[in-house]
Each structure stands twice: as structure tokens, then as C-alpha cells.
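# let me see the structure of the following:
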Amino acid sequence: MKKPRSTFQNLDKDKQARIAQVATEEFSSRGYAGASINTIVKRLNIAKGSIFQYFGDKQGLFWFVFQRSVEMVKTYLKGVRDQSKSEDLATRLKKTLNAGVHFINEHPLIYRLYLRVFFESRAPFRDEILASLRQYSLEYLTSLLEDAKTNGELRKDIDIQKSAFILDAVMDRFLQANIVRHLDGGLGLYGVKLEDADQWINGIIDTLVQGVGGDQKKQATTLNSPILILAAVEAEVSELIENIKPKKISIAARKKFLTGLLGEVPVGLLITGPGLVNTAQGLTAAIEQLTPKLVIQTGWGGAFPGSGLGLGDIAVATEEINAHLGVEAANGSPGLEELPFNLFSTDKGDYKNRSSMNEQLTEKAFSIVQGAFKGQPLRVTKGPFLTVSTITATGKTVAFLYDLYHPCMEQMEGAAAVQVAFLYEIPFLEIRSVSNMVGEQDKEKWDTTRASNNLFKAINAIILNHKAFI
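This next block holds a predicted model:
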């Protein structure tokens, strides 16, 4: 294959880019046979002989233009592949096809140049060019499929090469239909807007992945009645995220939502964001989407010194208390009096700012978690959890809240989660690990690594024994 000569390589980058742009426009609009060197040099305002000094002949110029375009596409796709490394197969394929649509919109001449070669039999190096493009596409898709197989997303007997071929064929055809009217088939793909293309992409990839995904029976169970786990931020449940396989990443209420298997048990993991509103909004959307059999609120928490808990210890909630919901005391004393009306009601009772957990479920969870840490230097306890909207930062407030409620943990989501779960009549547990002591604002004194590791062991033990709760 011909390469640009040193005379071209010695030109400044702007001049090289200008020559490439004008040549790309000519070849993409008129094809190889119809392209004119005279037109190109006239637009560039250079001598015709310069082109031959730079590239040898018309074929050399064409090869340079095409190879430059291919490298741009490869760089574009490499970024998509590398940045989506931690995501599930469906998401990575959707991002790849979406990137293709965006690239075509940003560089329409480059894609038209590809189509010229694809449909023009007289284009030089046509067989070599098309073979190399297909090979690169297959290698790219094979790498995604192999990652997915390693993560347990595909059937063990799946043929990676055949799967890559099917994906390549469908994805290439979709992109062609976006540009070539007669390939549309009346489906409305020709010239489709970017926002409308997303619906097509999601539908196509979901269909393809369902055809190459894991065991269909297992796949169905991951979408129906899983155990739903809630956490405010990803860092709290990083080890859980790593162990959910196969993993599908989607969005619920504009929040990251993972579904898959933890061991053999179908689970959903929703990253709600901190606070009451985030939790209530996210949990409601997830419940409406999946109808879970059990809801588990988890994450880090601050331990009250009077609870006896230390960094890394585990607590199971017996009650959720909303510390900032009530009526200001008439006599001006600190603290809040109980609401004069119910916050919500279910068949099992009326609730104001305190929600007691199901005692039987709590005892089972406490026993299972205790067993998971048997013989280890770690304390597992149970007791009231305090939900706050203002993080406690002074020793005076710590002492006041403990004297008033005798809680073991402070956090910001539990009161919302229990209310939504109770309203939907779904069994609910809250289990947290101690990342810090309440009132301690010096992050150097926190131990989030130990808290996350112990939290995974606790939640994993509950999931393994899920039949005790549902």
C-alpha cells in the first residue's frame, strides 16, 4: 500500500489537514473514478505536480485520505470501548452504535467516502480496504463480547465469532440506512434525528443481546421480583457492584440502577443519592419498575458513642426515627414534639415520625449477620436508626439526640425508604456499617474501606439466606 512521501510529511499540520479535507470532499462527493485532481489542486491553489510529489498518483492520494479517515474512526471507537469498560454488554453496544450515529453527523463526508468504496467496484484497493474495516469491526465487537463472557453475561456455549458477525452486520446496516434512502425500507431510519435514533438503538441492541445473553430462565428472574438494595452513593456498595454478575446498568428516576445476580439470587441495586427526597423518588420508581420481594436500605452510617459501636461494626435497624419531623416544642425546649396527625397509614398501623420494623424480620437479619461475623473482632448490634436532614456536628447535639432517642446510627435516607416500602407493603430491612462516629467531621478519622468490606459481607449473607425473608 502506498504511503504519503516525505515531502508531504514535512508540510505543516494545517496544510496537511487542508489537503486531506479537500481531497475527502472530492472523493466522497464524486467517487474515485469521478474525482478530479485538477479540481482538488485548483481549490487548494497549488501546482498539480505537488500532488504527485506528495502521493505519487491519484491512487496514493485516495489511499491516504481513506486511511486517515479510518484512523479517526478507530480513535473514536477506542474511546467508547475504554470508557465503557466497567459497564454491561448492552450498554457498551448502545454507546458504540450511538457513537457511530454521532460520528456520521459530525463527519458526514468520511462516512460517504466509506459508502463510495462499499458500492463502487472500481475503487482502488477496494477489497483490501473493506476486508480491513470488517476485520477491525469484528475485533472490536469480539473484545466487547469476550469481556461480557468473562463477566458471566453470555451463555457458556456462545460462539463469540458468530455473535460478533451478527452484531457487525446489523449495526453496519443500521448506519447505512441512516444515510442511504433506499436502504431504509420505509422504517424511518433515513436521516433520523439523534434523539429519535436512541429509541432505535435501544430496541435493536436489546433484541440482539437477548439473543446472545445468558440463560433465559435466569435472565427472566433478574427482571421479575428481585431483592432491591438501596444505597446513597456507589462508594458504599462498591464491592456489591463488583459481585453482581451478569450486570445490566439502566436508569430509574434518573438514577443509576443495576440488575443482575448476586450468586444465584436476582437483585436490583439503586444508587439513590443522599437524603429523603432522592430516596423516596428513586425507590418509588424502582418498585414500580420491578416489584421487589424485599427492600434493603444499606450504606455507611455514623455511630453514636453510647451505642458501643466502633468503626466497621454493623447495625440492624429496629426502628426508623425522623429527627427533623414534628412540632416545635411550645415551651421553647429543644427537640420536637410528635405530629398531631398521621404522616401515613397502612393496614398495619398509623405512622408519624417513627416507624418500627417487622420484629420477626429484624431478628432473622440480626441472627444471620451475627453468624456471618462469628469469631471475628467485630460487633453486630440492633437498635433504632435516626434519620437526619442536618448532619450532626457538635458533641452537644450528639448527646442531646442520644438522650432523647437512644439511637445506634445516624443517616439521611432510612425514614424515606421505610415509608415507601411500608406503603407498598414490601418487607423492609435496614443494615448499615459504621464509617465514622456521629459528630466526627475529620475524614482522616473515618474508615470507609473497612465499612464497605464488612457491609458487603453482611448484605451478601442476607441475600444468601433470602428465603428467610420472602
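
# please give me every residue in contact with L240.
For L240, the contacting residues are 229, 231, 262, 269, 455-456, 459-460, by Cβ atoms under 8 Å, 6 or more residues apart in numbering. Bear in mind the C-beta positions are built from the backbone N, C-alpha and C, glycine included.

# distance check, it against S435.
From L240 over to S435 the distance is 15 Å, taken as Cβ to Cβ, to the nearest Å.

# let's see which of the contacts of L240 end up in strands.
229, 231, 262, 269 (DSSP state E).

# out of the contacts of L240, which one has the weakest pLDDT?
Lowest in pLDDT among the contacts of L240 is L262, which has 91.

# contacts only, for R30.
Each residue near R30 by Cβ under 8 Å, 6+ apart is listed here: S36.

# how near is V380 to T449?
Counting by Cβ to Cβ, the gap from V380 to T449 is 19 Å.

# do the same with A169
As for A169, its distance to T449 is 46 Å (criterion: Cβ to Cβ).

# same deal with R30?
Distance, R30 to T449, by Cβ to Cβ: 62 Å.

# regarding P340, what is its secondary structure?
P340 carries the three-state label coil when classified by DSSP: H, G, I helix; E, B strand; the rest coil.

# ranges for the helices of the stretch 301-450 of the chain?
359-372, 395-405, 414-423, 448-464 (DSSP state H, counting those that start in this stretch).

# should've said the stretch 51-200 of the chain
In the stretch 51-200 of the chain, helices defined by DSSP H, counting those that start in this stretch lie at 58-83, 89-106, 108-119, 126-150, 160-179, 194-212, listed in chain order.

# so what pLDDT did the residue lying closest to A99 once chain neighbours are set aside get?
Leaving out its chain neighbours, the residue that sits closest to A99 by Cβ to Cβ, 6 or more residues apart in numbering is V80, at 4.7 Å. At V80, the pLDDT value in this model is 88.

# verify the stated contact: V80 with V101.
No. With the criterion set as Cβ atoms under 8 Å, V80 and V101 do not qualify as a contacting pair; they are 12.0 Å apart.

# sorry, back to before: of the ones in strands among the contacts of L240, closest to N151?
L262 (13.5 Å; Cβ to Cβ).

# from S250, how far out is the closest one?
Computed as Cβ to Cβ, the L262 to S250 distance reads 17 Å.

# what about V380 and T449, which has more around it?
Here V380 and T449 are compared on neighbour count by other Cβ atoms under 10 Å; more neighbours surround V380, at 22 against 12.

# show me what that one is bridged to.
In this structure, V380 has the following beta-bridge partners (DSSP bridges): I314.

# ok, back up a step: neighbour count: L262 and S250, which is higher?
L262 (21 against 14).

# quick one: contacts for the closest residue to the more buried one other than its chain neighbours?
Counting by Cβ to Cβ, 6+ apart, L262 lies nearest to I463, which is 5.0 Å off, once chain neighbours are set aside. Contact analysis of I463 by Cβ under 8 Å, 6+ apart lists 227, 262-263, 265, 267.

# now do 10 Å
Counting by Cβ atoms under 10 Å, 6 or more residues apart in numbering, I463 touches 227, 229, 240, 243, 261-267, 294, 296, 368, 469.

# out of the residues you listed, which are buried?
Listed as buried from these are 227, 229, 240, 243, 261-262, 265-267, 294, 296, 368, 469; burial here means 16 or more other Cβ atoms under 10 Å.

# so which of those residues is the closest to L141?
Checking the buried ones among the contacts of I463 against L141 by Cβ to Cβ gives L261 as the nearest, at 24.4 Å.

# number of residues surrounding R122?
Number of residues near R122 (other Cβ under 10 Å) recorded here: 8.

# typo on my end, N45
Other residues near N45 come to 6 when the count uses other Cβ under 10 Å.

# what pLDDT does it get?
In this prediction, N45 carries a pLDDT score of 92.

# got it, and the one 3 residues further on?
You'll see K48 listed with a pLDDT of 90.

# and of the ones in strands among the contacts of L240, the nearest to I129?
The nearest member of those to I129, counting by Cβ to Cβ, is L269 at 45.1 Å.

# got the contact list for I37?
Residues touching I37, when contacts are defined by Cβ under 10 Å, 6+ apart, comprise 23, 26, 48, 51-52, 55, 57-58, 61.

# what subset of those residues is buried?
23, 26, 51-52, 55, 58, 61.

# same list (these) but as TSV, adding pLDDT and distance to N105.
Converted to TSV, these look like this (pLDDT from 0 to 100; distance: Cβ to Cβ, whole Å):
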residue	pLDDT	distance to N105
A23	90	21
E26	89	21
I51	90	30
F52	90	35
F55	90	29
K58	88	29
L61	89	26
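
# and the residues you listed, which two are furthest apart?
Taking every pair in the buried ones among the contacts of I37 and measuring Cβ to Cβ, the maximum separation is 15.9 Å, between E26 and F52.

# ok so, going back, between the contacts of I463, which sits nearest A317?
Minimum distance to A317 across these is 10.6 Å, recorded for I296 (Cβ to Cβ).
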